[in-house]
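S.K.: Compute the structure for the input listed below.
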Amino acid sequence: MHSNCSALGIYSYPSNLVSYLGIHLDTQVVDIMTSLSIFNSGAYLYGLLSYCSHCNCLVVMDKEPSFQCQQCPNSSFGICVRCMPLMTTKHPSVHAFSKQPLSYWAKMAHDMYHLDITCDGCSKQAFNGKRYQCEECSPSYDLCENCFGKKHTEHKLKYIKNPLLHSANQENLGKRVLISADRNGGNNTNWRDPLTGWTKSDAEEVIKQAIKEKENYNNRLQQILKNSEKRSKELLQHSQLMLYESYRRLQDTMADSSRRMLWSFQRFFRR
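M.R.: The predicted model follows:
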């Protein structure tokens, strides 16, 4: 049985899909999987999803341990806790695996920034964490997770998923579907993944779109950082100019005071 498998109870997995998905759940957990789909689950909306590169089961990164190969490119070979003992014979023995704490993945999902968004409650720009948007106000009225529930309580707000988190989960779900399609669908182009409902061509399109969204996010982030650096230089130059002007005024004031004092002394001694 998977560690922390009860955390997966938010998914709508019919009991006949349990063995297919590679998730080992007890009867009580299966019984509560009745109404929500993967796309409405907390794990998909708020956390990072991945999959086991061996058994292809879904892995909720901040809910159950997983292991990443340090030699495979970009740590792209990840293994669930159940399959890890098999890697002594199923994966090159010279490859080493690492395991990040669950808090590492939770923090990664939480720390993604909402670019070009300002909290209308505290005025924090490009905040991270959860974002909430008013369903009634126009133009957009947004709150960060710290202000949610404390401000603008007279209107209904909805959760807005971070675009980078969304694209990451979409891409991983799509990659998992491609593997499942090859293993279960064969040449059947109409085969659909029971978890997502996607065909192989659907998954390919989802991955393509997810990669594009990640590129757009990263390009915008780089542009913001570049503009911020330029703005910082401008502020520094402005501060240096203001400091120089202040120093010059001080020098002029001191020189003027010296002249006045000298003039006063001269008048005094002329008497």
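
S.K.: Okay, helices next: where are they in the protein?
M.R.: Using DSSP state H, the helices of the chain run over residues 18-21, 27-31, 42-46, 87-90, 102-110, 163-180, 200-270.

S.K.: which one of those has the lowest average pLDDT?
M.R.: Among these, helix 27-31 carries the lowest mean pLDDT, at a mean of 32.

S.K.: isn't Arg183 right up against Cys55?
M.R.: No. Using C-beta atoms under 8 Å, Arg183 is not in contact with Cys55, being 10.3 Å away. No exception for glycine: its C-beta is placed from N, CA and C like everyone else's.

S.K.: more crowded one of those two?
M.R.: Using other C-beta atoms under 10 Å as the criterion, Arg183 and Cys55 rank with Cys55 on top: 15 against 9.

S.K.: Mark out where each domain of the chain begins and ends.
M.R.: Following automatic domain parsing, one finds the domains of the chain at 1-111, 113-161, 163-241.

S.K.: roughly how far is the second one from the heart of the chain?
M.R.: Right, the one you point to is domain 113-161. Put simply, domain 113-161 sits 16 Å off its chain's centre (C-alpha atoms, centre = their mean, to the nearest Å).

S.K.: what residues are up against Lys124?
M.R.: Going by C-beta atoms under 8 Å, 6 or more residues apart in numbering, Lys124 touches 118, 144.

S.K.: mind running it again at 6 Å?
M.R.: By C-beta atoms under 6 Å, 6 or more residues apart in numbering, the residues touching Lys124 are Cys144.

S.K.: could you measure it against His110, distance?
M.R.: Note on Lys124: its distance to His110, by C-beta to C-beta, to the nearest Å, is 15 Å.

S.K.: Also Arg82?
M.R.: 27 Å.

S.K.: can you check Asn128 too?
M.R.: Counting by C-beta to C-beta, the gap from Asn128 to His110 is 6 Å.

S.K.: Let me see the ranges of the strands in the stretch 1-150 of the chain.
M.R.: Counting by DSSP state E, counting those that start in this stretch, one finds strands in the stretch 1-150 of the chain at the ranges 49-51, 58-60, 66-69, 78-80, 97-98, 131-134, 142-144.

S.K.: want to throw those into a markdown table with mean neighbour count and mean pLDDT?
M.R.: Formatted as a markdown table, those follow (neighbours: other C-beta atoms under 10 Å; pLDDT from 0 to 100):
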| stretch | mean neighbour count | mean pLDDT |
| --- | --- | --- |
| strand 49-51 | 22 | 96 |
| strand 58-60 | 25 | 95 |
| strand 66-69 | 20 | 94 |
| strand 78-80 | 23 | 95 |
| strand 97-98 | 14 | 94 |
| strand 131-134 | 18 | 97 |
| strand 142-144 | 22 | 97 |
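
S.K.: can I get the ones you listed in JSON lines with distance to Ala106?
M.R.: As requested, these are arranged in JSON lines below (distance: least, C-beta to C-beta, whole Å):
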{"stretch": "strand 49-51", "distance to Ala106": "13"}
{"stretch": "strand 58-60", "distance to Ala106": "10"}
{"stretch": "strand 66-69", "distance to Ala106": "13"}
{"stretch": "strand 78-80", "distance to Ala106": "16"}
{"stretch": "strand 97-98", "distance to Ala106": "17"}
{"stretch": "strand 131-134", "distance to Ala106": "17"}
{"stretch": "strand 142-144", "distance to Ala106": "17"}
